[in-house]
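In: Attaching a predicted model along with its sequence, questions to come.
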Amino acid sequence: MSLIQVGLMDKTGQVDTELLQMVAAALNVQVTRDLPQFWNVQATVIPLHTKKVPSGVWPVFLVKSLPAGEGGFHLDKHNQPFAEVIATPGNDGWTVAASHEVIEMLVDPTGNRLQSSISIEVVGQKIQDGDGQFEYLVEACDPCEADDFAYGIQGIAVSDFLTPHFYDPVVTPGTRYSFTGALTGPHQVLPGGYISWINPDSEEWQQLRFIDPSEPPQIVDLGPATGKSLREWVHTKNRNVGLKTTRYLSEKGLKPHIVARIKKHREHLARIAEKRAALYPSR
C-alpha cells in the first residue's frame, strides 16, 4: 500500500504556528502508531505553512466558518478527499475535529465505504441487535465522536475511533471495539454519537442518533441519498440536531475539565522541552 500524506493548513491566519506544528505532530503519531494497529492504512501528517498544496497531499483546511448545512468532508473536482475544520483561537475543540476528519478520510477516502453487519434497533432506552442485516456507512469516529471519549497525544486532544471489530456479530473477550476502549461491544453508539446505514427493506437511509444520555437514542429516516459521496451527504443531515459532530466540537469547544487536563500536559511538555534545549551547546 502506498503512503498517504495529509497536510494541515491554517487558512484563518489566527492559529498559532507552534500549535499548528504540535497538532500536526500529534496527528502524525496517531496515524502512524495507533490507526495502523487496526486499519490497513499507511499515512503521515505534516503542517502546510503556505497556500500551496503539494501534489498528492490530502489537505485539511482550518477555516473561520462553513456554509450552513456543510460538514467537514469533501471530494474535489477530481474526486480526491479533503476536509475543512472550523478553527477558533482559544478553542481546543478543533484539534479533535481535525483528528476525526483525518482518520475518516484515511479509513474511507471516497466517503462511500459500506460494511454489512447485524441490524440494530432501539428497545426501551437501549440499543440492541435486531434480526436483519444493515449496510453500515463506515465512519470510523462517529459512534464515539463526543469529546468525552477523546484522548491525548503530546498534549493535544485527538478523537477516539472504532476498530473493524465494531462490525463483529458478537462480543468476544479481550477485543477492542474502539481505540480507547470506550466502545465495549459491536454496534454500540455512545452519547453524542451516531451511525448511519441503508435499510435493504426500504432501500433508503436511516440513522441512529444518541443526542442526550438522559434520553433514549432515536432512529430517524434520512431518505434516498444524493450528492457527491454518502459521507458528505450524511453530514448535511446532521446540522443543528445536537450531535457532537466535528462542526459542533469546533464551534462549542471541549468540556472545561478536558481542556484543563490537556493544557496542563502541554505546558508540562513545553517546560521539559525548554530544559532539554538548554542541555545542548549554544553556538
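Out: Here it is on my side, so go on. Numbering: from 1, shown residues only.

In: mind listing the helices in the stretch 1-150 of the chain by residue range?
Out: Taking DSSP state H, counting those that start in this stretch as the criterion, the stretch 1-150 of the chain carries its helices at 17-29, 93-107.

In: Compare these and give me the one nearest Thr236.
Out: helix 93-107 (15.6 Å; C-beta to C-beta). Using the backbone N, CA and C atoms, a C-beta is placed for each residue, glycine as well.

In: So which elements touch the closest one?
Out: When contacts are defined as 3 or more C-beta pairs under 8 Å, 6 or more residues apart in numbering; DSSP states H and E, helix 93-107 sits against strand 4-10, helix 17-29, strand 57-63, strand 73-75, strand 81-86, strand 156-158, helix 246-252.

In: ok, residues contacting the helix ranked longest in the chain?
Out: Taking DSSP state H as the criterion, the chain has its longest helix at helix 256-278. Residues from elsewhere that reach helix 256-278 (C-beta atoms under 8 Å, 6 or more residues apart in numbering): 22, 92, 147-148, 150, 152, 154-157, 253-254.

In: Repeat the analysis, applying 7 Å as the threshold.
Out: 92, 147, 150, 152, 154-157 (C-beta atoms under 7 Å, 6 or more residues apart in numbering).

In: what's the answer for stretch 211-224, then?
Out: By C-beta under 7 Å, 6+ apart, stretch 211-224 touches 122, 125, 127, 189, 191, 204-210, 237, 241-243.

In: May I have the longest helix of the chain as PDB, with CA atoms only?
Out: Extracted C-alpha coordinates of helix 256-278, given in PDB (Å, rounded to 0.1, in the frame of the first residue of the first chain):
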ATOM      1  CA  PRO A 256     -13.600  22.600  30.600                       C
ATOM      2  CA  HIS A 257     -12.100  19.700  32.500                       C
ATOM      3  CA  ILE A 258     -10.800  18.100  29.300                       C
ATOM      4  CA  VAL A 259      -9.300  21.500  28.200                       C
ATOM      5  CA  ALA A 260      -7.600  21.900  31.600                       C
ATOM      6  CA  ARG A 261      -6.100  18.400  31.600                       C
ATOM      7  CA  ILE A 262      -4.800  18.700  28.000                       C
ATOM      8  CA  LYS A 263      -3.400  22.200  28.500                       C
ATOM      9  CA  LYS A 264      -1.700  21.100  31.800                       C
ATOM     10  CA  HIS A 265       0.000  18.200  29.900                       C
ATOM     11  CA  ARG A 266       1.000  20.500  27.100                       C
ATOM     12  CA  GLU A 267       2.500  23.100  29.400                       C
ATOM     13  CA  HIS A 268       4.400  20.300  31.200                       C
ATOM     14  CA  LEU A 269       5.800  19.000  27.900                       C
ATOM     15  CA  ALA A 270       6.800  22.600  27.000                       C
ATOM     16  CA  ARG A 271       8.800  23.000  30.200                       C
ATOM     17  CA  ILE A 272      10.600  19.700  29.600                       C
ATOM     18  CA  ALA A 273      11.400  20.800  26.000                       C
ATOM     19  CA  GLU A 274      12.900  24.100  27.200                       C
ATOM     20  CA  LYS A 275      15.100  22.300  29.800                       C
ATOM     21  CA  ARG A 276      16.200  19.800  27.200                       C
ATOM     22  CA  ALA A 277      17.200  22.600  24.800                       C
ATOM     23  CA  ALA A 278      19.300  24.100  27.500                       C
END
